[in-house]
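A.B. asks: below: sequence and its predicted model.
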Amino acid sequence: MEFNTKFAVPEKHQVACVAAGVFESRKLSDAADALDKAAQRAALAAVQETGARDACLYFAELQVPGRDAAWKARQLVLAAADITYRFDRMKSKKAEETSLVHVAISAASKRDAAALERGMREGSAIAAGMTLARDLGNLPANVCTPTYLADTSVKLGHEWKLAVEVLEQKDMEKLRMGSLLSVTRGSHQPPKFVILRYSGASSKDRPVVLVGKGITFDTGGISIKPSAEMDEMKFDMCGAASVLGTLRAAAELGLKLNVIGLVPACENMPGGAATKPGDIVTSMSGQTIEILNTDAEGRLILADALSYAERFEPQAVVDIATLTRACVVALGHVCSGLFA
């Protein structure tokens, strides 16, 4: 989808709209933020319903506290990407192409136009990263294997000039990643440990390290899960997908910082060689771990990945993972849990 700006004035015949609940103490409250996003999304959805290929949107003069025109443009691009997203790559009969292909955002002045252009560039980069993550998550586990994640990382590196290194099982054995390797024992798919480096700042600047859980399919291992909805366990690599999407966005945005992405990728399967409840393994840090439930595999692969992250002397480490359903029970499907 393409976005650009054009100079325009609103039509003389305008539709009045009364918004309730956005004022506090005679000033716009934070609720105006949500209202602005909802209005943009509703407008784009309405245009999409018409089957139009081109649309021109005029920004209403709703002043959102602490937000500028660039923010509004960024939110619009993200909303458009979400509304038009389709995943039909695996279908024998593809879905019809989305109708909306070009969106122009009107600007009342050159100053507004510059801010809108910046917001659209930022939004497009973020949307592309999100789309990459969504595509990886939606792929079936027989396609999106640990090897596939590693190959995708290498291609991403070539496209966006990221330094990419892929560690094989023998490399992990040399590093004594016994915690991670205990998870992959029951699978025929070889594990991969991917390191991606984006260098947007001085080499003296300490990096931010992102660690993404990359279990491409999680049966629970010997502590096997119920069969109902087990197909959704292909999503257990969405932490890894998020890291790849974030690195792509960071590179396109040209962020002035150093970012390192770590993706420990493997399957958690039952089998003759699989880890058994009660087994004790030694992690990269030298600590022993008693595994009472093999469905706690996320903690096992992240333990070694976080130990590996220490070598970069990071200013911050963020791990992204689908660990338990407890987060959904607590926060629903709207918010993500953040622990610091």
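C.D. replies: That came through, no problem.
A.B. asks: is residue 42 in a helix, a strand, or coil?
C.D. replies: With DSSP: H, G, I helix; E, B strand; the rest coil as the basis, residue 42 sits in helix.
A.B. asks: in this protein, where's the longest strand?
C.D. replies: Looking across the chain with DSSP state E, the single longest strand is strand 258-268.
A.B. asks: tell me the helix or strand right after that strand.
C.D. replies: Next helix or strand after strand 258-268 toward the C-terminus (DSSP states H and E): strand 279-282.
A.B. asks: avg pLDDT for that following strand?
C.D. replies: Averaged across strand 279-282, pLDDT comes to 98.
A.B. asks: where's the helix or strand just after that strand relative to the chain centroid, distance-wise?
C.D. replies: Once strand 279-282 ends, the next helix or strand along the chain (criterion: DSSP H and E) is strand 288-291. Here strand 288-291 is found 31 Å from its chain centre; the criterion is Cα atoms, centre = their mean, to the nearest Å.
A.B. asks: ok, and for strand 288-291, which residues are buried?
C.D. replies: Buried residues in strand 288-291, counted by 16 or more other Cβ atoms under 10 Å: 289, 291. To be clear about C-beta, it is placed using only N, CA and C from the backbone, and glycine gets the same treatment.
A.B. asks: which strands border that strand, and is each parallel or antiparallel?
C.D. replies: Counting by DSSP bridges, the strands paired with strand 288-291 are strand 279-282 (antiparallel).
A.B. asks: what residues of the strand it pairs with count as buried?
C.D. replies: Those would be residue 281, for strand 279-282 by 16+ other Cβ under 10 Å.
A.B. asks: shift numbering so it begins at 55
C.D. replies: In the new count, where the first residue is 55, that last one comes out as strand 333-336.
A.B. asks: what's that strand in contact with?
C.D. replies: For strand 333-336, contacts defined as Cβ atoms under 8 Å, 6 or more residues apart in numbering pick out 230, 232, 233, 235, 236, 329, 342, 343, 344, 345, 354.
A.B. asks: surely the second one touches residue 337?
C.D. replies: By that I understand residue 232. Yes. Residue 232 lies in contact with residue 337 (Cβ atoms under 8 Å); the separation is 6.0 Å.
A.B. asks: mind listing the shared neighbours of these two?
C.D. replies: Common contacts of residue 232 and residue 337, defined by Cβ under 8 Å, 6+ apart, comprise residue 358.
A.B. asks: now the strands for the stretch 155-304 of the chain?
C.D. replies: 156-161, 217-221, 246-253, 262-266, 268-272 (DSSP state E, counting those that start in this stretch).
A.B. asks: dump the ones you listed to a markdown table, plus distance to residue 381.
C.D. replies: Shown next, in a markdown table, are the strands of the stretch 155-304 of the chain (distance: least, Cβ to Cβ, whole Å):
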| stretch | distance to residue 381 |
| --- | --- |
| strand 156-161 | 34 |
| strand 217-221 | 29 |
| strand 246-253 | 25 |
| strand 262-266 | 16 |
| strand 268-272 | 16 |
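A.B. asks: which among these is found nearest to residue 368?
C.D. replies: Among these, strand 262-266 comes nearest to residue 368, with 4.2 Å by Cβ to Cβ.
A.B. asks: centre of the chain versus the closest one, how much separation?
C.D. replies: With Cα atoms, centre = their mean, you get 12 Å for strand 262-266.
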